[in-house]
Each structure stands twice: as C-alpha cells, then as structure tokens.
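*Asks:* turn this into a model:
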Amino acid sequence: MAPPLLLLAILSVASRLAAAAAAGGCGENTSLAGYEADLRMSQHQLRGRVEVLDGCSFRVTALDLLPGSASARWWRAEAPDLDSLARGGPAAAEPLNRTFRSESVVFRLLPGLSWPRVPVLAAFDPLTSSLFGFVRLSDNASAPTMLPSCARLSSRFRVRWAVHEANNSIDIALEAALGSEYYMAFGWAKPGVSEPSMIGADVAVAGFTEDGLPFAEDYYITKYSECLLREDGTVEGVCPDTIYDRDDDAGLVNNTRLVYGHRRDGVSFVRFSRPLVSPDKKYDVPVNATGNMTVIWAIGLLRPPDSLRPYYLPLSHGAPPGAAFGFATLNVSEATNKCVGPLDAEDKEDQARITTERKTPLVVTTGPALHYPNPPNPDKVLYINKKEAPLLKVERGVPVTFSIEAGHDVPLYITSDPVGGNATSRNKSEVIYAGGLKAEGVPATPTELVWLPDRNTPDLVYYQSLYDPKMGWKIQVVDGGLSDMYNNSVLLDDQQVTFFWTLSDDSINIAARGEKKSGYLAIGFGSTMVNSYAYVGWIDGNGTGHVNSYWIDGKDGMSVHETHENLTYKRCRSEKGAIIFEFTRPLSPSCSGRVECKNLIDPTTPLKVIWAMGAQWSSGPLSLKNMHSVTSNRPVRILLLSGLAEAVEDLRPVLAVHGFMMFVAWGILLPGGIMAARYLKHVKGDLWFQAHTCLQYSGLAVMFMGVLFAVAELRGFSFKSRHARIGAVAVTFTIVQPINAYLRPHITENGEIASRNRVVWEALHTYTGRSAAVAGIVALFTGLQHLGHRYGSKNIKGLTCGLILWVVSATLVIAYLEYMAIKRRRGGAQGPSGKWVLGNTEEDDSVDLLQSDRVGSKIESDSPGPMEVQLEPLKGPDSFS
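*Replies:* Residues are numbered from 1 along each chain as shown. Below is the predicted model of the structure:
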C-alpha cells in the first residue's frame, strides 16, 4: 500500500503548488475572494449572482441573459453611468453574444487586470453603448429582480417569491412577456373547496399605468365578471378590496405593498409584498407557509381608471385555460427554481411609435430622460411630437420633414451609428443620410430638414444629436404603405391617430391608424361621439380583424347601435399592438328610412373627425368594458378636396367681424336705402334721395370690408361652399347698382312718354336691387349654416334665431310702410274736394337719382314770368295709368 499512498501524497503536493502558482499569477490582491452579490438588471433580462473566486476569476451562477452583439463583454468601469462606461474597458475576453439559460459560468479577467481596477463589473455592449446590468464590488445588496424561488405558470408568465416567516410576509414578483396594456394577476384560491375556483379568491393585480409606472393592488373575486357597482351600493365581480370596504380609513383592506417594477425588453416585472396572515379576514386568504395551497393566475387586457371607476379594471381574459388563466398547487416553503432561462418577448420595443406622413412635419425638441430605451442615457434626450425618443417608421420614397426646435446645441442628423454624437470622435465610421451642423433651431426660428429615404437606405438607421451621444433612437425604414396607397392624410387631435383618404367620383376610401397600442380604434364623423357616425376596427381573440359601422346617440353601451352601411374592401390588422383599419364607402348612401342613410359625405363641406381607443370590442351587445380609455379632446375639420385640416376652435374673431359687417350691410344699411327710396318720396325736398344714396354707399363700403375679412380668414378667394357662391351673387348685384345709376338715361319732360332706354333702366335698377337684397339675406342665413358646420350648432342656434326675428320684424315694418303708402296715394287721389288734383302727382317718382334739382331748375329757366296753372276735372282712378 505504500506506493499508492506515496503517489497520492505527491499528487496532493503538486496540486497545491499549481494552485499557489496560479494564484500568484492572478495578482497579489485576493481580499475579495468569496465576495458575492446580485447583478442588477438594466436590460436583456440579465440575472445572476457574481462570486469572486480569486484575484483573476469570478463565477456567475444562475446566469440569464438575452444575447447582445459580438462586441458585448464583461466590462470594467468606475461607475455604471454613460461617461464612466465610455472610459472603461473589457474585463474578460468571452463575448456575451449568446443566450445564457440559468447557467453557472466561470470567467477570467484579462491578463494584467486586477480587482482594484474593477470597482464596477458590468455586462456592456460598446457597439450600441448598451448596459445590460452591473454589480458594485463594494456592495453586496440584493437586486430586486433576484428571488430564491420561481415557478412557471405558462410559457410567458412566471411567479417568483421569497418567504419571511419572521416578519409574517412574503415577497412575490410577477413576470410576463406581454404588452404594457396587459395586467398580471396572482393569488390564492379559497381554501376548503372540492374544486378549484376563482370565486372567493384573494389575488393581487399588477401592471403599469399609462405613464409607465408600476402598480399592485389587492383584489377579491365574487363573480366571473368585471367589477360592477350596483345602484343599491353592492359590489360584485373582480374588484379591489377597497371597493368592497369603502369605509376602511385605516388602510387594513389593501394589504398589497408595491416594492419594485420595471418594463424591460417587452417583459413586465412587478414585485410586491403581502402578509402571510392578513388582518383582513374577510377579503384576504391566509397563506400557509409550509403546506400546499391552490393558487390562481390570469393575464389580460387592462382598462385604466376613469371618472366612474377610479381603479384599474381587469377585463375578461377570454382565452382557453393554460393560455390566459389557470390553477396550480404551490408550497411557498419549497426553495425551487423551475424557471430556466430568460423570458424572450416577441415585441421588445416599448417606446412610443410614430409613423411619418408625407405632409406632416415631425417636431423635434428635447426633454428629460424618463423612459429611455437603451440605458445608460444622458439627462436630456430628443422628443419628437412630444414623445420621448420614439421609434420612427418611415417609408421609402416618402419625404420625411423634421421641424427642429431642440436648441442651437443639438443639431440633428440621420446616421447609421446607434450611438450618435459624431462617431468619428470615437474613431468609428458612420454613414450620414441627412442633417448635420446646420440642422439646428429653436421654437422661435425652427429649421426644416427634409429627408427622402430611398431604395439604398438600410432597414434600420438612427436619429441622433451631432454633439452628444445617445439622445435619439431608431428609425425603421420600410417599403411604401398607407402613404402610397392614399392621396391625403392628416394627424387627428393629440397626434394619436392618422386619418387617410382618397376621393373618387362617387365613393371615398378611408383608413385610420392608431399611433399607440390598443384593443380597438374608432373614428367618428361629428363634433362628439354622441350623435355621430362611428367606424370601429378591432382584432378578436382568434386574431381576425373586423370593421363595423355604428350610430351613437348616448354615452353608454346601449346607445351604440350597429348600422348596415355599404362598406367594402374592409381590412383590419394590428402592427405591434397598434390598430390599422381600412374601408370604402359611397359618398351618398343608396338607401332610405334608416339612420345610416343620412350619413352623407359632401367633399365640398368640411368633415369633422374624432377618434377613440379602448381595450376591448366585440360585434355583439356592448357594455362598460367596451368604453374607451382615451379619446380626442376636440374634432379636426378636414377639407377633403384640398387635403387640409385644422382643429375645431371657438368662433374666431375675424369671422365674427365678417359676420357682423355683413349683417350691418345686408340687414340694416342696404335694405334701409331701398326703403328710403320707396317710402320717403312723400317728404318735401330730396331727403329720400340723400338717405338712399348715403345708406347704399355706406352699405357697399361695409360689405367690401366684410369681404376682405373673409378673404383673410380663407387665405384667398374660395367659392366651394354654397355660402360663398350666394354671397358672390349678392356682391355682384350690389356692385352693378352704382354703375347702373351713373349710366342712367335722363328723365323726360312733363307729359312726354318715357324713352325705351329709360324704361329698361328703371326695370333693371329695380329688379337687380331687389335681387341683391334677397341674395344678401339668403347669404346671411347660409353663412350661419356654414359656421355651424365649422364650429358646432351650439354656437350658431342663437344667432340664427336672432336673424330670423330681425327679418320677421323688418318684414312687418315694410308691410306697415306699404300700407301707409297705399293709404297716402288713395287720399291724394281724392283730394280735399274729391274731384280735382294739382299737377302731375307722379312727377316726384321720376326725379333724377343723381341730379335731384334738375327738373326744378329747368322749370325755372323756362318760366321767366308768372306760371299759369290749368285745372282739369278728375275723371276717376282709371285716368292714372
């Protein structure tokens, strides 16, 4: 036995000498040997625990990581911020360009590198300047994403936990690869029942607000329905504990406490804490820390709070068991990890999306970095259309216009480099497609940059600042789409929906695209959703797209009535959660007797368009779960023929002045001039003539001023509306009147027959004047109707009623004056004696309109001596013809 023992002794001594030599080769500093700490996740679903083995190596256990580029490495830096990482360098040679699935891997520091030079060990990709995660070697605090136990509930949903019996609490983390509009629910079923059921279950509902903030709340289930508040005050369904017990001022009912939450790589992670045995005995289920219990889980769409229900409302999951809800048996005392590898979401992009349009500029500004998609980030990043570093989607062949207002120190450029900030300063090469030093501006003097992606533009480029790195984000370049298919497009209110259309002879092709994720998208024709014709596009549970038309006459689900419009070429699809739908409809429906038959589209009349989005829609009866979660604040008025659009505002002052001046001209001055000529001739002298000319010329001047205001509002002459055409007729007749008066034939001497020219002139002057007056009054009414189409009937009804009263009053006054004129003529014909009249009573009617003293002066010139007056007997009324 001696030789074997000797051999073992020799081998033992040799291994110790080899270990000592290896340790000596790793450097003298080994004080960190045995140090352990959790990796803090930044992105790429990095998890693991770092352990320093010796002076030149470390182990990462339970390592989860989605792959980076070939340049991704373990990195050394002074701190995990952008500048420190840029000054740092590689710590190990092995690349991090593959998926790690709960692996235990040993890495060696690069030759000549020791731990004192590695205050921060990070997983970092220098190509994209992306931080995956890090650990500080001076801190052994645990990361919020690391919990000892994990169970797989479905292929995309996991639960992690850690029990703290001494504190009577349990930490639970829910993790799911789904969109930010979905909720995650997990809890304990009611104990003591033969079959697992959701009724009586105590669950926590977690998710993210529309601002990207995490939340977790305590819910109790009494019925398989959304939370309903009855008129008698009772509550049933999936409701928060605080709704069941609204008198809980001490906060004992909601026992779920949010600890941490984030959205990374399309994966939601929310960690919360709750008591094992809760003081709330009515709505909370006690958790057995050592035994098996039935747990329930669900994922589904989430409806945000509103004025009626100030809490998040989980909607029906509506999918087969095992896909969106289910039951499991769990013993929280068992330390188990059944979650192998990181969750890998299909859609990893959480940033807002903007699809560019041909005629819509992108407004570029700067703002604070709140949810920048590629940490680490600078304090200030680029905003486009008020969205933080959105993902842009452009189409080849469609010009992209940027209105740059980010400041003189932030010139914009389009580059192939994902980091930006002038790659040449980092000894990197890049291709610049647009922009540069001169592409900078401020809100007062913005600079316009037009970029035309072509067939040689790569599928992925970046918009960045020329001076500072990582201020912008990605641009996806795709082949032509809706912008190429439709002739016109506008962004609707709040820039959340884009409206497309193409007009043909008797139909219109329409498309709508949401710029954010939603369950359905609706557009409506009208000022508000109530009393509007709506079109809704949605994707059902089977992934099939639908487009339906509706008439809405109220604010609840029962007021949304499906119609049977003749919609053809209907298509609906979802692109990364955003709804896009298209359809074709006739301009004038070929039906009668139904409400949709009144849904006419007149291309010459502005079309008011509104929109709404929500979480869920269906083709059957609608309920509160179909209510929208976000909607436009005001309609956008679209001129279909010109392709222009503007938000509906209150009545503009320039239009108010135009309307007031036209009322003064056509409601007071010009009719007053006509009435003076007809009803004041009996007054001695030429008062009627002076009043007639003064009022007519004043009305003409005021009318021209009103026309100028209308031209200023319309930015030119436009005769597309009925009001403009009738107004043009009235103005034309009015302009003819003074010209006609100037060219009038002279009156004849007493007793002579009027010339033919005089007769024609009198008829022309009379009837064109009356026609102008009628056209002017009609133009006033059509003008109010036109304003009603633009600004809503609520602002116009009062003005219309007032104008009607004014016209009725003026008609009554004219009737009275006409009666008095007839009475005067009858009284003058009989005279004091009833048989004789003096001279020609019709002479005053033929007085020259421009020279009122002409007749009198002529008589005086022809009669140097006393005048002889001849009295003739009156034969009766028939002698006056």
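*Asks:* at the geometric centre of the chain, which residue do we find?
*Replies:* With distances taken as Cα atoms, centre = their mean, Gln496 lies nearest the centre of the chain, 2.5 Å away.
*Asks:* who are the contact partners of that one?
*Replies:* Gly514, Glu515, Lys516, Trp611, Met613, Val630, Ser632 (Cβ atoms under 8 Å, 6 or more residues apart in numbering). (Glycine included, C-beta is placed from N, CA and C.)
*Asks:* apply 7 Å and report the result again.
*Replies:* By Cβ atoms under 7 Å, 6 or more residues apart in numbering, Gln496 lies in contact with Gly514, Glu515, Lys516.
*Asks:* quick check: bridge partners of the first one?
*Replies:* As for beta bridges, Gly514 partners with Val497 under DSSP bridges.
*Asks:* isn't it right next to Ile579, touching?
*Replies:* Yes: contact criterion Cβ atoms under 7 Å: Gly514 and Ile579 qualify, at 4.8 Å.
*Asks:* can you pull the residues that touch both of the two?
*Replies:* With Cβ under 7 Å, 6+ apart as the test, Gly514 and Ile579 both reach Leu521.
*Asks:* which one's the longest strand in this structure?
*Replies:* In the chain, with assignment by DSSP state E, the single longest strand is strand 293-303.
*Asks:* beyond that one, next helix or strand please.
*Replies:* On the C-terminal side of strand 293-303, the nearest following helix or strand under DSSP states H and E is strand 313-314.
*Asks:* that following strand pairs with which strands?
*Replies:* Strand pairing for strand 313-314, determined by DSSP bridges: strand 293-303 (antiparallel).
*Asks:* using PDB, write out every CA atom in the partner strand.
*Replies:* Provided in PDB are the C-alpha atoms of strand 293-303 (Å, rounded to 0.1, in the frame of the first residue of the first chain):
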ATOM      1  CA  MET A 293     -52.200  25.600  -1.400                       C
ATOM      2  CA  THR A 294     -54.100  26.200  -4.700                       C
ATOM      3  CA  VAL A 295     -53.100  29.400  -6.400                       C
ATOM      4  CA  ILE A 296     -54.800  31.100  -9.400                       C
ATOM      5  CA  TRP A 297     -53.400  33.300 -12.100                       C
ATOM      6  CA  ALA A 298     -54.500  35.300 -15.100                       C
ATOM      7  CA  ILE A 299     -53.300  37.700 -17.700                       C
ATOM      8  CA  GLY A 300     -55.500  40.000 -19.800                       C
ATOM      9  CA  LEU A 301     -56.200  43.500 -21.000                       C
ATOM     10  CA  LEU A 302     -56.400  46.300 -18.500                       C
ATOM     11  CA  ARG A 303     -58.700  49.200 -18.500                       C
END
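*Asks:* would you mind pulling the contact partners of that strand?
*Replies:* Residues outside strand 293-303 that contact it (Cβ under 7 Å, 6+ apart): 153, 157, 176, 178, 181-189, 191, 196, 198, 201, 203, 207, 287, 312-317, 324-330, 519, 615-616, 625, 629.
*Asks:* so where do the helices sit in the stretch 401-550 of the chain?
*Replies:* Counting by DSSP state H, counting those that start in this stretch, one finds helices in the stretch 401-550 of the chain at the ranges 482-485.
*Asks:* just the chain next, same as before
*Replies:* Assigned by DSSP state H, the chain shows helices spanning 2-25, 82-87, 241-244, 482-485, 653-663, 670-679, 687-714, 722-742, 756-791, 797-830, 854-862.
*Asks:* so which of those is nearest Cys572?
*Replies:* Minimum separation from Cys572 across the helices of the chain (Cβ to Cβ) falls at helix 482-485, 13.2 Å.
*Asks:* what subset of the contacts of strand 293-303 is buried?
*Replies:* Burial by neighbour count, judged by 16 or more other Cβ atoms under 10 Å, picks out 153, 157, 176, 178, 181-189, 198, 201, 203, 207, 287, 312-317, 324-328, 330, 519, 615-616, 625, 629 from those.
*Asks:* picking up where we left off before, worst average pLDDT in the helices of the chain?
*Replies:* Sorting the helices of the chain by mean pLDDT places helix 854-862 lowest, at a mean of 42.
*Asks:* shaky segments in the protein?
*Replies:* Counting by pLDDT under 70, the chain contains low-confidence ranges at 1-30, 248-252, 316-323, 455, 647-653, 713-718, 720, 746-754, 789-795, 828-881.
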